[in-house]
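# Mind folding the following:
(4 chains)
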Protein chains: 2
Amino acid sequence: MTIMTERPLPRPTDAELAILGVLWERGPSTVRDVHDALAETQDTGYTTVLKLMQIMTEKGLVVRDETQRAHIYEARSTEQRTQRQLLTDLADRAFGGSPARLVMQALSGRKASAEELTEIRQLLDRLEKGDAK
Amino acid sequence: MTIMTERPLPRPTDAELAILGVLWERGPSTVRDVHDALAETQDTGYTTVLKLMQIMTEKGLVVRDETQRAHIYEARSTEQRTQRQLLTDLADRAFGGSPARLVMQALSGRKASAEELTEIRQLLDRLEKGDAK
DNA sequence: TTGACGGTACGAAACCTTTCGTATATGGTC
DNA sequence: GACCATATACGAAAGGTTTCGTACCGTCAA
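Numbering: from 1, shown residues only, chains lettered A, B, ... in the order given. I've put the predicted structure just below:
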């Protein structure tokens, strides 16, 4: 039995995050799928996307199924989990490690709709009930 | 009269953000000041910090006063402003451009203390009164 | 004046990210 | 089988980030 020291995944780069976004939205996809989806907003070449996804495979950000001719890629970490990682990362780098300060800045700096504010308030209620998560 | 097309400052890199952190905390500082402060936690060479701060000057992230032999550097953007920029940037890249979703994820994913939650709630109150900012 | 000290400037290496050209393989169709 | 469309693999260039060695300059004290 091999001991797999589950190394934490590296922070995805900008380009990698865009690709992950497609994978989260579409689910397991081929390079072509991802490229076509990205083509809506960007215009990066097909082989560029391919190369990035190959690198992401090496990094462990995605896994791929090679049984088909067109490999099928899947994000290794969920969107939520990645988002949280990015947030704690940003909190560490720019908010003295305090997610609370990050939240306050995000709230005060932005115009959130009334519904959103209400939603956030409800979330706070749940949190204070100790109903974490 | 020169037209200064005030270009938006670039997103600071990790190393740059660490330096900005020192400048925000200490106020205008020399390279040595910054290096010594960083030495508490990291261990990057003096010339490395110097070079970074020179690059940051080129980018406009900091301004420097060269009247003294030891130049004095100052952050060009406030901590708050930079934090907000980083947050909207992250919201764009990883939260579909929605700061509200970012906030919710930050709240649900983290254990915030009761005091912090209260503080956030008060902030929400002020926001809903239309007392933005 | 000269040397030691502490500062800036500069260049380049090492590494990472992003890009894409080109080579090569595979599968289906005529 | 031969061809064509479409896939992956690979290498390398271009640009950005981080690191530091080395050169050079000014200041001050002996």
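# contacting residues for residue A:109?
Residue A:109 sits next to B:80, B:83, B:84, B:87, B:88, B:99 when contact means Cβ atoms under 8 Å, 6 or more residues apart in numbering or on different chains. C-beta here means a position set from N, CA and C on the backbone, and glycine is covered the same way.
# and which of those residues is nearest to residue A:126?
Proximity of the contacts of residue A:109 to residue A:126 (Cβ to Cβ) peaks at residue B:99, which lies at 20.0 Å.
# which residues in chain A form strands?
Ranges of strands in chain A, per DSSP state E, are A:62-65, A:72-75.
# So residue A:7 sits against residue A:61, correct?
No: Residue A:7 is beyond contact range of residue A:61, at 11.8 Å (criterion: Cβ atoms under 8 Å).
# So which residues on chain A come close to DNA strand C?
Listed as neighbours of DNA strand C in chain A under the rule Cβ under 7 Å from any atom of the strand: A:10, A:13-16, A:44-45, A:47-48, A:51-52, A:55, A:69.
# do that again at 6 Å, thanks
By Cβ under 6 Å from any atom of the strand, the residues of chain A that approach DNA strand C are A:13, A:14, A:15, A:16, A:44, A:45, A:47, A:48, A:51, A:52, A:55, A:69.
# What about those residues, which one has the most neighbours?
The most crowded member of the residues of chain A next to DNA strand C, judged by other Cβ atoms under 10 Å in any protein chain shown, is residue A:52 (20 neighbours).
# distance of the residue nearest to it when sequence neighbours are not counted from residue A:22?
Computed as Cβ to Cβ, 6 or more residues apart in numbering or on different chains, the closest residue to residue A:52 that is not its neighbour in sequence is residue A:15, at 5.7 Å. Using Cβ to Cβ, to the nearest Å, residue A:15 is found at 12 Å from residue A:22.
# now do residue A:126
For residue A:126, the distance to residue A:22 equals 31 Å [Cβ to Cβ].
# and the two? which has more neighbours close in?
Higher neighbour count among residue A:126 and residue A:22: residue A:22, with 20 against 13, using other Cβ under 10 Å.
# Would you mind listing what in chain A touches DNA strand D?
Within chain A, the positions lying close to DNA strand D (Cβ under 6 Å from any atom of the strand) are A:30, A:31, A:32, A:47, A:50, A:51, A:54, A:69, A:70, A:71.
# who's in contact with residue A:65?
A:28, A:71, A:72, A:73, A:74.
# Go again with 10 Å.
A:28, A:30, A:71, A:72, A:73, A:74 (Cβ atoms under 10 Å, 6 or more residues apart in numbering or on different chains).
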